[in-house]
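Asker: sequence and computational prediction follow.
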Amino acid sequence: SSTGRYVAFSSNATNLVAGTVNAVNREDRADLEGGTIVLVSTSGALPTPETCDSSHPSISDDGEVIAFRSNCQFDALDTNAVDDVYVRRVGAATTVFASRTFFNTAPSYPGGGNPGARAPRITSNGNYVVFESNASNLVLYRPPGRIAVDLYRRSVAPGALAIGIVALTKITSSGGTYSI
């Protein structure tokens, strides 16, 4: 966080969060003032350890919103078994499937494989997440056969992800390098 009170990090330690039994990479948030650590890579209000891999946390200025990459299925819409981007609101105990498509489905990838969505970055206010992907169906139209990586921005502000409101913007289609 911008104050240094909260730190998001990846860990496979089993002694940081009570009930963690699997030594797999997951996302945690430490409160350096309060001396607590909470599990971030979880799907529900109760922090249940997952048996899949998560990484690359990005934390908002206030430390309450954390974006991360995971191959876990934290949402019923996530049916592709590849890396996706999720956003966790710690205080609200909610996790949002940020890399879902315009059609509220799991992304598909040209040529198969396991490219997924990756490199999430949350904005300072926690209202937007930016990530990269070469999925063919994230936005309404993407040229057929395109396999280059594109950069996307999704609104994850509270209330922005209601049914029928999908704010996903393709930022670029150059396939170059990005600094976020």
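Answerer: That came through fine.

Asker: can you tell me how far the closest residue to residue 81 other than its chain neighbours sits from residue 91?
Answerer: Nearest residue to residue 81 in three dimensions, chain neighbours excluded: residue 71, at 6.9 Å (Cβ to Cβ, 6 or more residues apart in numbering). Every residue, glycine included, has its C-beta placed from N, CA and C. The gap separating residue 71 from residue 91 is 26 Å, by Cβ to Cβ, to the nearest Å.

Asker: show me what contacts residue 118?
Answerer: 56, 69, 83, 85, 131, 132, 133 (Cβ atoms under 8 Å, 6 or more residues apart in numbering).

Asker: and those residues, which is closest to residue 77?
Answerer: Checking the contacts of residue 118 against residue 77 by Cβ to Cβ gives residue 85 as the nearest, at 13.0 Å.

Asker: rounded mean pLDDT for the helix or strand that contains that closest one, please.
Answerer: Element membership of residue 85, judged by DSSP states H and E, is strand 84-89. Summarised as a single mean, pLDDT over strand 84-89 is 93.

Asker: tell me what that strand is packed against?
Answerer: Secondary-structure packing of strand 84-89 (3 or more Cβ pairs under 8 Å, 6 or more residues apart in numbering; DSSP states H and E): strand 65-70, strand 94-97, strand 117-122, strand 128-133.

Asker: what secondary structure does residue 24 sit in?
Answerer: Classification of residue 24 by DSSP: H, G, I helix; E, B strand; the rest coil places it in coil.

Asker: looking at the helices and strands packed on strand 84-89, spot the one closest to residue 8.
Answerer: The closest of these to residue 8 is strand 65-70. By Cβ to Cβ, the value is 4.8 Å.

Asker: so what touches the closest one?
Answerer: By Cβ under 8 Å, 6+ apart, the residues outside strand 65-70 that reach it are 8, 27, 29, 40-41, 50, 52-60, 83-90, 98, 116-122, 126, 129, 131, 156.

Asker: using ChimeraX, make a named selection holding only the buried ones among the residues you listed.
Answerer: Selection of the buried residues among the contacts of strand 65-70 in ChimeraX, burial being defined by 16 or more other Cβ atoms under 10 Å:
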select :8,27,29,40,41,50,53,54,55,56,57,58,59,60,83,84,85,86,87,88,89,90,98,116,117,118,119,120,121,122,126,129,131,156
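
Asker: what about this protein, any weak spots by pLDDT?
Answerer: For the chain, residues meeting the criterion pLDDT under 70 lie at 21-23, 44-51, 102-105, 108-115, 136, 139-148, 159-180.
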